[in-house]
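> Just to be clear, the model below is a prediction. Sequence and coordinates:
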Amino acid sequence: MKRRHAWLLCAWLAFPVLASRQVVDDAGHTVTVPDRVNAIADGWFAHHSVLMTLGAGSKIVATVNHPESQPWMFKITPTLNQALQVRGTAFNPESLLAKKVDVVFTSAGNDKAEGYRQAGLPTLQMAFTDYPSLMKSVTTTAEVLGTAEARSRAKAYNQYLQTTLDNVQSKVEGLTDGQRPKVLHIQSLKPLKVDGSHTLIDTWISLAGGKNVAAEIEGNMKEVSPERVLAWQPDVIILGANSGSLEDSQYAALFSGLKAVKNGKVLQNPAGVFPWDRYGTESALQIQWAALMLHPERFKGVDIAKVAQDFYQRFFDYTLSSDETQRILQAQKPADR
């Protein structure tokens, strides 16, 4: 009997039981994840920045992002160049199993999530539409990673974001309706698409001291007619990272009479690891950039280049040169891409 117990003990030591934990994802599902997460498939474009912020970008072995569309992401986390890259947002479960993926992240509502679960892959559906839900998503992702480092970085990022929100809000407090410029955020010029209410874009426009002229439309990237833009008469136009140039677009002549165009208030939104204006952790930089652009007199002394450099060093473990910083602020690709 003693010899049998000794054999069982040796077997247990040789093949330890893989520990697991339970995490509730952003869609409310309770998901069992392994104690050690070393290989990740990320099926949500924006969520990559969350993993990078938590120091886990190098653990992504399957991605929906590509170096052509997100060159800074692949430069700052070069291991992504060796990851499995797919077009669209759907992975082949067999490919993920071959990669020995520990967890899969998808956006909430992704219809492929159930297929991953049926293949035995722990799958978490993530979503954030405002800053409280972004902070919650960062915390949830850290819990999935399960390391002290990830939890510490999540806490640091959330504190940074909250401090940023408080600082910006304190400086735009007291603005009258007339002091808030009418802002139009154009995500695409061909076709013409704008961002309306109930979006993160609408939130940062308001927080930065502006008014979203497209607030009568609900949702992201909604197609509109040029006549509607003329009727809105925005004071400021902000062009999304990949929208192209207004002066080179088919609307150049038509929009030449807009107040924003005549006053030189057509701005190119910065883009780094992910477009700052969209759904990623760099939204903490977006708020500061937008507030500075809309109300420079209230944000004197803010050096947005230094703010960006400090952020990238702290949260992406990357030292931006002066040239790289300017390229990001102007939504340009890295010089070597």
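Received it, and whenever you're ready, just let me know what you need. Every value quoted in this text rests on a predicted model; they were computed, and no experiment measured them. Numbers count the residues shown, from 1 in each chain.

> Next, Arg21: phi, psi?
Phi and psi for Arg21, reported as degrees, to the nearest 10, are phi -140, psi 170.

> any idea how far it lies from Thr77?
Applying CB to CB, to the nearest Å, the value for Arg21 to Thr77 is 25 Å. All C-beta spots, glycine's among them, are computed from the backbone N, C-alpha and C.

> higher neighbour count, the two?
Per other CB atoms under 10 Å, whichever of Arg21 and Thr77 has more neighbours is Thr77, with 25 against 13.

> got a list of what that one touches?
Contacts for Thr77 (CB atoms under 8 Å, 6 or more residues apart in numbering) come out as Met52, Gly57, Ser58, Ile60, Phe316.

> Those: which two are farthest apart?
Ile60 and Phe316 (13.7 Å; CB to CB).

> More neighbours: which of the two?
With neighbours defined as other CB under 10 Å, Ile60 and Phe316 compare such that Ile60 has more, 25 against 22.

> all helices of this structure, in order?
With helices called from DSSP state H, the chain shows them at 2-14, 47-53, 71-76, 93-98, 113-118, 131-145, 148-172, 200-207, 226-232, 259-262, 283-294, 304-316, 322-329.

> May I see the ones you listed arranged in CSV, with mean pLDDT and distance to Val213 as well?
Listed next are those as CSV, based on pLDDT from 0 to 100; distance: least, CB to CB, whole Å:
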stretch, mean pLDDT, distance to Val213
helix 2-14, 41, 66
helix 47-53, 98, 28
helix 71-76, 98, 30
helix 93-98, 97, 43
helix 113-118, 96, 36
helix 131-145, 97, 22
helix 148-172, 98, 18
helix 200-207, 96, 9
helix 226-232, 97, 4
helix 259-262, 97, 10
helix 283-294, 98, 13
helix 304-316, 98, 24
helix 322-329, 98, 24
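
> most neighbours per residue, which of these?
helix 47-53 (a mean of 26; mean count of other CB atoms under 10 Å).

> Other residues contacting it?
For helix 47-53, using CB under 8 Å, 6+ apart, the contacting residues are 40, 42, 57, 59-60, 63, 65, 70, 73, 76-77, 80, 105, 107, 126, 137-138, 141, 153, 157, 273-274, 280-282, 315-316.

> Now do that helix: distance to the chain's middle.
7 Å (CA atoms, centre = their mean, to the nearest Å).

> Can you give me the pLDDT of the closest residue to His198 other than its chain neighbours?
In space, and not counting its chain neighbours, His198 is closest to Glu218: 5.2 Å by CB to CB, 6 or more residues apart in numbering. Looking at Glu218, its pLDDT is 96.

> how much distance is there from stretch 299-315 to the middle of the chain?
That offset, for stretch 299-315, works out to 18 Å (CA atoms, centre = their mean).

> which residues sit against that stretch?
If you take CB under 8 Å, 6+ apart as the criterion, stretch 299-315 is touched by 52-53, 76, 153, 156-157, 160, 171, 270, 272, 281-282, 284-285, 288-289, 291-292, 318-320, 322, 325-326, 328-329.

> Just the C-alphas of the lengthiest strand in the chain, formatted as CSV.
Criterion DSSP state E: the longest strand present in the chain is strand 182-189. Provided in CSV are the C-alpha atoms of strand 182-189 (Å, rounded to 0.1, in the frame of the first residue of the first chain):
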residue,chain,number,x,y,z
LYS,A,182,-19.3,72.7,-32.6
VAL,A,183,-17.1,69.7,-33.5
LEU,A,184,-17.6,67.2,-36.3
HIS,A,185,-15.6,63.9,-36.2
ILE,A,186,-15.3,62.4,-39.7
GLN,A,187,-14.1,58.8,-39.7
SER,A,188,-14.3,58.3,-43.5
LEU,A,189,-14.4,60.6,-46.5
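
> So for it, what gets flagged as buried?
By neighbour count on 16 or more other CB atoms under 10 Å, the buried set for strand 182-189 is Lys182, Val183, Leu184, His185, Ile186, Gln187, Leu189.

> Out of these, flag the one nearest to Arg228.
Leu184 (10.0 Å).

> Which residue would you name as the spatial centre of this structure?
Nearest to the geometric centre of the chain sits Gly280, at 1.4 Å (CA atoms, centre = their mean).

> Quickly note the distance from that residue to Val103.
Separation of Gly280 from Val103 (CB to CB): 19 Å.

> Repeat that for Ala56.
Computed as CB to CB, the Ala56 to Val103 distance reads 11 Å.

> Can you check which residues contact both of those two?
With CB under 8 Å, 6+ apart as the test, Ala56 and Val103 both reach Val37, Ile40.

> residues contacting Val31?
Residues near Val31 by CB under 8 Å, 6+ apart: Gln22, Val23, Val24, Asp25, Pro122, Thr123, Leu124.
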